[in-house]
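A.B. asks: quick one, structure for this:
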Amino acid sequence: ANEGLNGTHRALNGCQPEGQMTWVILHRDLPGFRNANTLQLMYIFPNGIQTEKHPHPGQSYAGLRLAAYLPDNREGRRVLKLLNKAYQQQLLFTVATNEDGEDMVTTGFIPLKTQPEGGYEVDFDSEYLKTVRKLLKDKGIE
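C.D. replies: So this is what the prediction gives:
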């Protein structure tokens, strides 16, 4: 339980599995942000084997491909930087068991906007970017 003191483990303070994060700019606007392009974030996690940080160490888990969206404006870029930092610290995603009892990669404490148009996850309003910043700040990311 003392792993936190050992420098090699300190950076790995989350239980996010191996994956990659990339982003591109789409030349279209998001609802609510008429004059900005859109940042499309791509998260890709292949299938893998759980470690001791996960619910069932040694068992396999299902990967995830997820696109998330932010407005390409000052605030959106700021949030992108913070999300990238949270990703590097392995805080954005985790492995959890779904209703069917299958272990899979899923988002953690940050709600990601996964539908450019409305969408069921999070509605894009000015509060969304504020909320994400507050949640990240609570984890020491600002």
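A.B. asks: quick check: buried residues in stretch 75-89?
C.D. replies: For stretch 75-89, the neighbour count (16 or more other CB atoms under 10 Å) marks 75, 76, 79, 80, 82, 83, 85, 86, 87, 89 as buried. C-beta coordinates here come from the backbone N, C-alpha and C atoms, glycine included.
A.B. asks: mind checking the SS state of the first one?
C.D. replies: Spelled out, it's residue 75. helix (DSSP: H, G, I helix; E, B strand; the rest coil).
A.B. asks: ok so, going back, reformat the buried residues of stretch 75-89 as TSV; add pLDDT, distance to residue 41 and secondary structure.
C.D. replies: Conversion of these to TSV gives the following (pLDDT from 0 to 100; distance: CB to CB, whole Å; DSSP: H, G, I helix; E, B strand; the rest coil):
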residue	pLDDT	distance to residue 41	secondary structure
75	91	15	helix
76	93	10	helix
79	95	10	helix
80	96	7	helix
82	96	12	helix
83	96	7	helix
85	95	13	helix
86	94	12	helix
87	95	9	helix
89	92	16	coil
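A.B. asks: what ranges does the protein have for its helices?
C.D. replies: With DSSP state H as the criterion, the chain has helices at 7-10, 74-88, 126-138.
A.B. asks: would a markdown table of these with distance to residue 52 be doable?
C.D. replies: Shown next, in a markdown table, are these (distance: least, CB to CB, whole Å):
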| stretch | distance to residue 52 |
| --- | --- |
| helix 7-10 | 12 |
| helix 74-88 | 21 |
| helix 126-138 | 25 |
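A.B. asks: just give the nearest non-adjacent residue to the residue positioned nearest the centre of the chain, would you?
C.D. replies: The residue lying closest to the centre of the chain (CA atoms, centre = their mean) is residue 92, at 3.7 Å. Of all residues not flanking residue 92 in the chain, residue 86 sits nearest, at 5.1 Å (CB to CB, 6 or more residues apart in numbering).
A.B. asks: repeat that for residue 104.
C.D. replies: Residue 104 sits nearest to residue 62 (CB to CB, 6+ apart), 4.1 Å away.
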